[in-house]
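*Asks:* Fold the following, please.
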Amino acid sequence: MSDFSLDARALEERLQWARQQARSGGVASVLSAAIRGEGLSVDQLAVLWYADHVDSDSIYAVACAARRACPRPLETFSPLYMTNTCDAECRMCGMRRNNAALQRETAALATVVGQLRLLNQRGMHAVALLTGEYRRDNRAAALRYVNEALHATMALRFNHVLVNVGSIDDTEYATLLDGMARHSDGSLRSKLTMCTFQETYARESYAKFMGTDADNPRADFDRRLVNFDRAHRAGMRVANPGILVGLNPDLAFEMAALALHAQHLLAKGMEVYLSVPRLRQIAGSRAQRGASDAQFIRLVSLLSLGLPSCKIVITTRESAAIQRRLVPIITVLSAGSAAVAPYTDAGARFPLETSQFEVIDQRPFEQVLRDHLRSDAVIENFLPPAAY
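*Replies:* Just a heads-up that it's a prediction; the model follows:
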């Protein structure tokens, strides 16, 4: 199966057709399909996005009904930033190379292992390991650092580990995954997820925010686009693509492109998580433009309806009110800090001056997750100790 590619012109033509359908009465049949919980095509998703006479609350209600008919457990994980250094120059990111307002920190491996033990002791059994993105000469050392942390997660028996290190080359996966146990077909035994958010699938917006300098590890749009295909060749079977909601105001295009990417990964036999974080404040910058709550709820509702086999991720970038609103239609709620090695015995630090972005809900993850526990339910990867 070939690597993923995105024909933006063809996608724009499909979106134009969807706009016409939304205006000419083609919405009723799409809504009926959505209500039946059959999943939706990319074209059908776009029709509902453009159906201005169907408000976001109504689409959300349909998504809730579809999820009640096919319930799924809620999963969780906590982010663990190992460093906030980065060679990339993304304008919207607090970790960008030239952001003098960010105080740089890198945790020693012993500190990272201590943080993993803390998370485990507090009942968190899934973690995302995050670093910056680095130029070619710097990547080998960074990947060895993450590989050592991966071995620590295996020793501590984490159920799920997500890796967010940017896009890397085929040969570099050998360093990242060195020593990981494999099945006879070469696939990894442990649930190890590659996270590579395209941020925006629009080339013009991508170049505007991520830059065009050839030495910038983020600048190559196409190289980033096929990182999951490289991960699959390296034995990884779980992918987490995502968009930074609000970076490109054309949310219909972003939703449709993300759905196409997800369909490609599902066809390769991968388990797919979809991340839709919204733009937030960063160190040295005023609050950034993002999508409205109504737009965000519409987007998440449509992804939930259109791609029922994918696992939609929201984080505590969102307020407690938005979390409560969306938990009935998502699959994963991630709670924790965006600062480097921030966790303590009972909470976390949330300093904006060392964080990639602002976290809105700064409660301990036990408290965040307790909001969504029912007497007859559990949250996968979270088993709070009796003390909590």
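*Asks:* Quick one: end-to-end distance for stretch 231-251.
*Replies:* Stretch 231-251 has its terminal residues 27 Å apart, counting by Cα to Cα, to the nearest Å.
*Asks:* again, but for stretch 155-171
*Replies:* Using Cα to Cα, the end-to-end distance of stretch 155-171 comes to 25 Å.
*Asks:* and if you look at stretch 304-313?
*Replies:* Stretch 304-313 end-to-end distance (Cα to Cα) = 11 Å.
*Asks:* Name the next helix or strand following the least confident helix or strand in the chain by mean pLDDT along the chain.
*Replies:* For the chain, scoring each helix and strand by mean pLDDT, DSSP states H and E identifies helix 27-35 as the least confident one, at a mean of 88. Moving toward the C-terminus from helix 27-35, the next helix or strand (DSSP states H and E) is helix 42-50.
*Asks:* longest strand in this protein, by residue count?
*Replies:* For the chain, the strand with the greatest residue count under DSSP state E is strand 74-81.
*Asks:* Check which helices and strands that strand sits against.
*Replies:* Applying 3 or more Cβ pairs under 8 Å, 6 or more residues apart in numbering; DSSP states H and E, one finds that strand 74-81 makes contact with helix 109-121, strand 126-130, strand 160-164, strand 332-334, helix 365-370, strand 379-380. All C-beta atoms are positioned from the backbone trio N, CA, C, and that covers glycine.
*Asks:* got these as JSON lines, with distance to Asn240 columns?
*Replies:* JSON lines is the format used below for the helices and strands packed on strand 74-81 (distance: least, Cβ to Cβ, whole Å):
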{"stretch": "helix 109-121", "distance to Asn240": "19"}
{"stretch": "strand 126-130", "distance to Asn240": "9"}
{"stretch": "strand 160-164", "distance to Asn240": "6"}
{"stretch": "strand 332-334", "distance to Asn240": "9"}
{"stretch": "helix 365-370", "distance to Asn240": "19"}
{"stretch": "strand 379-380", "distance to Asn240": "16"}
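*Asks:* pLDDT weak spots in this structure?
*Replies:* Flagging of the chain using pLDDT under 70 yields the residue ranges 281-289, 374-377, 385-388.
*Asks:* and the longest helix for it?
*Replies:* helix 136-155 (DSSP state H).
*Asks:* Enumerate the positions of that helix that are buried.
*Replies:* 139, 142-143, 145-147, 149-150, 152-154 (16 or more other Cβ atoms under 10 Å).
*Asks:* what's the answer for stretch 261-277, then?
*Replies:* Buried, per 16+ other Cβ under 10 Å, within stretch 261-277: 261-265, 270, 272-277.
*Asks:* just stretch 206-219 next, same as before
*Replies:* Buried residues in stretch 206-219, counted by 16+ other Cβ under 10 Å: 206, 209-211, 216-219.
*Asks:* just the CA coordinates of that stretch, formatted as CSV?
*Replies:* Only the C-alpha atoms of stretch 206-219 are listed here, as CSV (Å, rounded to 0.1, in the frame of the first residue of the first chain):
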residue,chain,number,x,y,z
TYR,A,206,1.7,25.2,7.0
ALA,A,207,4.5,27.3,5.3
LYS,A,208,3.2,30.4,7.1
PHE,A,209,3.4,28.9,10.6
MET,A,210,6.1,26.2,10.3
GLY,A,211,8.5,28.0,8.0
THR,A,212,10.3,27.1,4.8
ASP,A,213,14.0,26.9,5.8
ALA,A,214,15.4,23.6,4.7
ASP,A,215,17.3,23.2,7.9
ASN,A,216,14.1,23.5,9.9
PRO,A,217,12.9,20.0,10.9
ARG,A,218,9.3,21.0,10.6
ALA,A,219,9.5,22.8,7.2
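*Asks:* Report the distance from that stretch to the chain centre.
*Replies:* Centre-to-centre, stretch 206-219 and its host chain are 20 Å apart (Cα atoms, centre = their mean, to the nearest Å).
*Asks:* So what touches it?
*Replies:* 87-92, 133-136, 139, 166-167, 198-200, 220-221, 224, 247 (Cβ atoms under 8 Å, 6 or more residues apart in numbering).
*Asks:* Pull out the buried residues from the residues you listed.
*Replies:* The neighbour count (16+ other Cβ under 10 Å) marks 87-90, 92, 133-134, 139, 166-167, 198-200, 221, 224, 247 as buried among those.
*Asks:* Filter the buried residues of stretch 206-219 down to the ones in helices?
*Replies:* Going by DSSP H, the helices hold 206, 209-210 from these.
*Asks:* how about Val42, what does it touch?
*Replies:* For Val42, the contacting residues are 14, 256, 259-260, 263, 306, by Cβ under 8 Å, 6+ apart.
*Asks:* Quick check: the gap between it and Ala257.
*Replies:* Note on Val42: its distance to Ala257, by Cβ to Cβ, to the nearest Å, is 9 Å.
*Asks:* same question, Gln20
*Replies:* Counting by Cβ to Cβ - Gln20 and Ala257 are separated by 20 Å.
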